[in-house]
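Undergrad: Just to be clear, the model below is a prediction. Sequence and coordinates:
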Amino acid sequence: MKHVLPAGWGRILALGLILVASGAVLATRMRLHGDAIDLCLHCESTNDAFVHADTVVLSAHVAGYVTRVPVADNARVNASQTLVTIQDDDYRAHLAERDAMLGAARAALEVVQRQIGMETAQIAGAEAALRMAEADVAQRRLERRRQHDLITDGSTSHRDLEIADADLARLSAQRDRDAALVDAARRAQDVLRAKRVQAQEDVSAAVSARELAAIDLGYTRIASPVSGQVTARMVYVGEYVGIGTQVARVAPLPDVWIVANFREVQLTHMQVGQTASITIDAFPGATFRGHVDSIGPVSGAETALLPPDNATGNFTHIVQRFPVKIVIEPDQAGIDLLRPGMSSHVSVRTLVAIRRDAP
C-alpha cells in the first residue's frame, strides 16, 4: 500500500533537514572555554600550516682536531652542555706563553716603579746639597763684603780679599753644579715616568693577549647556548675543523611556533593578537591554543626563487597566500611533543559575534 504525505509535509521536512544541517555547521564553529561558550561566526582556517623553530647552528671558533663528540643524534641537551671538544694542547701552551709574557711585563713595571723611587731619593739628596751650597755662597758673599770693608781702612790685606773672592767663586760654581744635578735628576725622573706609562701599556697589552688566549682555549669546548634537542651532528672524532666549520645543530624545543599560509581573502579581518586554535596532524586528538603574532609583509610568491612576472600578455589570476606567525601559548600539555616541520591545521578567530555564559 502506498502512503502519501499530506500536502505541505514535504516542505516542512525539507526545512527541518536544513535546520539540522545548519545546527551541525554551527556546532562545528563553537568552542568551549572554561565556564563560557564562544560562538564563532567567522573563523579563518587553513591546513597549509607547519611547525617552526629557530634552529641554532654551532660553529667552530678555532681550528683543530675533534677529540670528543659526547652527544648522540636527536639527544636532549641543556644550555651550556658540551657538544664538541677540539684538541687544546696548542691553545694551552699559547695561554702559558701569554701568562709568562704578562709576568715579565709586570716585573718590568715593578722595576720602573723602583727606579722612580730611587730617583726621587736622589732628587731629595741633590736638593739638600743645593741648599747647603746656596747657604755657603750666601755666607762667603757676606765674608767678601766684610773683607772689602776692612781693606778700605787698612784692617786687612788684599790677599785676604782675594781669598774671599776665590772662595765665593768656588762655592758659586759648586752651587751651580748642584743645581744642574737637581735638574738632571728631575729630567731622569720624567724619563722614568714616561717609561712607567709605557710599562703600564705593556702590561695592559699582555693582559689583553692573555685574555684572547684564554678565550681561544675556551673555544675548544663548543657548548649549546640553549636547551633543546640535537638535530644533526656534523663532525666526528678525529676530523679536522677550521674556523667557521659547522659542527652541530640544536632545535630549542619546546620553543616552537606555527607559520600558517592564509589566502589573501582571509586576511580581511585578521589582526595581531587574535586567538587561534591549532591541531597537529601527528596528534589528532590534541588541540593547542595560540594567538596571531604577526602577519607577513609579502606573499610567498614574492620571496620565491623565481617570483612571478605578471607584466606579460597572458595573465591568470591566482589567489596569493601570506605567512601568518601563530605563537603557541606556553605550558600546555603535549607542547613538548611538537617538532619543526609537523603539519598542522589552524583556525583563527577573526570575529566573535556572540558570547554568553554557559548555563
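TA: That came through fine. Numbering: from 1, shown residues only.
Undergrad: Residue 49 sits in which helix or strand?
TA: strand 36-52 (DSSP states H and E).
Undergrad: can you check residue 232 too?
TA: Going by DSSP H and E, residue 232 is part of strand 228-233.
Undergrad: Please apply the same query to residue 83.
TA: If you go by DSSP H and E, residue 83 is part of strand 82-86.
Undergrad: other SSEs contacting that strand?
TA: Secondary-structure packing of strand 82-86 (3 or more CB pairs under 8 Å, 6 or more residues apart in numbering; DSSP states H and E): strand 64-68, strand 221-223, strand 246-251. To be clear about C-beta, it is placed using only N, CA and C from the backbone, and glycine gets the same treatment.
Undergrad: and the nearest residue to residue 127 once chain neighbours are set aside, how many residues sit next to it?
TA: In space, and not counting its chain neighbours, residue 127 is closest to residue 182: 5.4 Å by CB to CB, 6 or more residues apart in numbering. Look at residue 182: counted by other CB atoms under 10 Å, it has 20 neighbours.
Undergrad: dump the residue contacts of residue 182.
TA: Shown in contact with residue 182 (CB atoms under 8 Å, 6 or more residues apart in numbering): 123, 126, 127, 130.
Undergrad: in the strand holding residue 232, what's buried?
TA: 228, 229, 230, 231, 233 (16 or more other CB atoms under 10 Å).
Undergrad: I would like the residues contacting that strand, please.
TA: With CB under 8 Å, 6+ apart as the test, strand 228-233 has contacts from 55-56, 69, 71-77, 83, 247-253, 255.
Undergrad: okay if I get the buried residues of strand 228-233 as TSV plus distance to residue 115?
TA: As requested, the buried residues of strand 228-233 are exported to TSV (distance: CB to CB, whole Å):
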residue	distance to residue 115
228	58
229	62
230	59
231	62
233	58
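Undergrad: Would you mind confirming that residue 269 makes contact with residue 350?
TA: Yes - if you go by CB atoms under 8 Å, residue 269 and residue 350 touch, sitting 4.2 Å apart.
Undergrad: out of these two, which sits in the more crowded spot?
TA: Taking other CB under 10 Å, residue 269 and residue 350 do not tie; residue 350 has more neighbours (20 against 12).
Undergrad: In terms of helix, strand or coil, where does the more buried one fall?
TA: strand (DSSP: H, G, I helix; E, B strand; the rest coil).
Undergrad: Quick check: which ranges of this protein have low pLDDT?
TA: Applying pLDDT under 70 to the chain flags the ranges 1-11, 13-14, 19-41, 143-144, 147-162, 164-165, 167, 305, 309-313, 352-359.
Undergrad: Now do the helices in it.
TA: Applying DSSP state H to the chain gives helices spanning 9-28, 89-152, 158-219.
Undergrad: Using a markdown table, please lay out those together with distance to residue 51.
TA: Rendered in a markdown table, the data for these read as follows (distance: least, CB to CB, whole Å):
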| stretch | distance to residue 51 |
| --- | --- |
| helix 9-28 | 24 |
| helix 89-152 | 40 |
| helix 158-219 | 33 |
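Undergrad: Go through those and name the closest to residue 345.
TA: helix 9-28 (12.8 Å; CB to CB).
Undergrad: Can you give me the distance of the residue nearest the centre of the chain to residue 146?
TA: Residue closest to the average C-alpha location in the chain (CA atoms, centre = their mean): residue 225, at 11.3 Å. Residue 225 sits 92 Å away from residue 146, going by CB to CB, to the nearest Å.
Undergrad: How about residue 330?
TA: Taking CB to CB as the criterion, residue 330 is separated from residue 146 by 105 Å.
Undergrad: who's more crowded, those two?
TA: Between residue 330 and residue 146, counting by other CB under 10 Å, residue 146 is the more crowded of the two (15 against 8).
Undergrad: Relative to residue 139, how far out is the more buried one?
TA: Computed as CB to CB, the residue 146 to residue 139 distance reads 11 Å.
Undergrad: just residue 16 next, same as before
TA: For residue 16, the distance to residue 139 - CB to CB - is 139 Å.
Undergrad: These two: who's more crowded?
TA: Shown here are residue 16 and residue 139; by other CB under 10 Å, residue 139 has more neighbours (13 against 10).
Undergrad: got the contact list for residue 133?
TA: Residues near residue 133 by CB under 8 Å, 6+ apart: 171, 174, 175, 177, 178.
Undergrad: run the last query once more with 10 Å
TA: Applying CB atoms under 10 Å, 6 or more residues apart in numbering to residue 133 gives the contacts 171, 172, 173, 174, 175, 176, 177, 178, 179.
Undergrad: need the contact list for the fifth one.
TA: I take that to be residue 175. Per CB under 10 Å, 6+ apart, neighbours of residue 175: 129, 130, 131, 132, 133, 134, 135, 136, 137, 138.
Undergrad: Quick one: buried ones out of those?
TA: Buried among those (16+ other CB under 10 Å): 129, 130, 133, 134, 136, 137.
Undergrad: Could you check how many residues crowd around the nearest residue to residue 255 once chain neighbours are set aside?
TA: Nearest non-adjacent residue to residue 255, counting by CB to CB, 6+ apart: residue 53, 6.4 Å away. A total of 20 residues lie near residue 53 under the criterion other CB under 10 Å.
Undergrad: Likewise for residue 44?
TA: By other CB under 10 Å, 22 other residues sit near residue 44.
Undergrad: Please name the nearest non-neighbouring residue to it.
TA: Of all residues not flanking residue 44 in the chain, residue 266 sits nearest, at 4.2 Å (CB to CB, 6+ apart).
Undergrad: list the contacts for the one you found?
TA: By CB under 10 Å, 6+ apart, the neighbours of residue 266 are 43, 44, 45, 46, 260, 319, 321, 322, 324, 348, 350.
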